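Student: Make a model of this:
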Amino acid sequence: MKKTLIASAIAAISFSGAAAAQTTLSASEMAAKMDSMPSVYGNIQYAIAHDNFDGGPSNIEHFDNGSTLGVVHDHEIAPGVTGFFKIEIDRLGADDISSFQSGNDRIRIDEAYIGVKVDRFGQVWVGSDDSTYERAVTEISEYFEVATLNQFVDYTTGEGDLVQYMSPSFGGLSLWGAVQINGDNDTKGGNSKSYPYQLAAVYAVDALELATAVDSNDTSDGNNENTYGVRASFDMDALRVTGEFHTRKDASDTFGIAGYYTLGRNTFVLAYELTQYDDNASNFAGLDSDTVTLQALHNVSDNLYVYIEGYLGGGDDVYEYTDTVGGTAVTRSTDERSVAAIGATYYF
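Tutor: Next comes the predicted model:
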């Protein structure tokens, strides 16, 4: 990641006092000091989407699609031992200068953690980050930009209060694990102590990658059954194909398959996802929901890309909207919903 002008200015100010008290820093010493500075990164994401419920309302909206600003740093503690940290904020509300001041648009910490990596042992980190289950087996639903209709994978362990571990690769096999520590007054644990965990194994050899994961779901959502997931991905030069399956008893089964084709600066993606809800599931019992997603993305430069996406949701009556009848709000549902989106992201 590139050092920003701000970081360079801070470095220059910091070095000026030292330079006055000693001989001028050499070019190599200056470079070493610059390399020790944290790296600042970020992006601005804008999108416009048209959302249509079959037989119901439709709307068009321009919005901030997840603009972020972050800082990362690592340093050598001892030979083969590296310390690192990351902090990232999102919900910057870049489409409306006042939107971050209240409600769900408020600026928040998205990722914040510290950790240690040991070459022969692996790495351990503590804080808020993408969870082990998410990183291992939920590629498809996490890939798309707007992602309005992508299928929800039913697992409940969140991304905060995590202690995570990732082993080195043993002949292509890497073992991952995480535990979420919920205290007596932590709402994620239902106002009681709980220690939900996630385990994963990822095996990569040549063009093939296989992954499996489990989430213990030890929370207060009324269903303490584990979630199990598997993923298989295969890369063939410009083409990547990924398939997934997730299951949770008394909840749902989710299937997904996606193909990604890269042509120069362009990437084209087609995905299909299906969720089948169990007869005794708490939401949409006995119903099905599926989504077809198309994306065309163009890298304008090393720092800017643009894209168009289309989502077609079908299945049973699982797409709910609010209608007004005689001045009273009424919840209705339909079996088809479509979204068309166009967006751009500038990142550094």
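Student: Okay, domains of this protein per the record?
Tutor: Domain ranges of the chain: 1-37, 38-347, per automatic domain parsing.
Student: Would you mind finding the most buried of those?
Tutor: Among these, the stretch with the highest mean neighbour count (mean count of other C-beta atoms under 10 Å) is domain 38-347, at a mean of 17. Yep, even glycine has a C-beta here, placed from its N, CA and C like the rest.
Student: Quick check: bridge partners of Arg248?
Tutor: Thr227, Ser252 (DSSP bridges).
Student: I'd like to check which residues are in contact with it.
Tutor: Shown in contact with Arg248 (C-beta atoms under 8 Å, 6 or more residues apart in numbering): 154-155, 217, 223, 225-228.
Student: Those into JSON lines, with extra columns for distance to Asp317?
Tutor: Putting the contacts of Arg248 into JSON lines (distance: C-beta to C-beta, whole Å) gives the following:
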{"residue": "Asp154", "distance to Asp317": "19"}
{"residue": "Tyr155", "distance to Asp317": "25"}
{"residue": "Asn217", "distance to Asp317": "27"}
{"residue": "Asn223", "distance to Asp317": "23"}
{"residue": "Glu225", "distance to Asp317": "26"}
{"residue": "Asn226", "distance to Asp317": "29"}
{"residue": "Thr227", "distance to Asp317": "25"}
{"residue": "Tyr228", "distance to Asp317": "28"}
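Student: what would those look like in JSON lines with pLDDT?
Tutor: As requested, these are arranged in JSON lines below (pLDDT from 0 to 100):
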{"residue": "Asp154", "pLDDT": "92"}
{"residue": "Tyr155", "pLDDT": "92"}
{"residue": "Asn217", "pLDDT": "91"}
{"residue": "Asn223", "pLDDT": "83"}
{"residue": "Glu225", "pLDDT": "92"}
{"residue": "Asn226", "pLDDT": "96"}
{"residue": "Thr227", "pLDDT": "97"}
{"residue": "Tyr228", "pLDDT": "98"}
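Student: Could you list everything Leu270 pairs with in the sheet?
Tutor: Beta-bridge partners, per DSSP bridges, of Leu270: Gly259, Leu294.
Student: which of the domains of the chain has the lowest average pLDDT?
Tutor: The weakest mean pLDDT among the domains of the chain belongs to domain 1-37, with a mean of 55.
Student: now the helices for the chain?
Tutor: 5-21, 27-35, 132-137, 139-143 (DSSP state H).
Student: Would you agree Gly343 is in contact with Asn43?
Tutor: No. Assessed by C-beta atoms under 8 Å, Gly343 is found out of contact with Asn43, at 11.6 Å.
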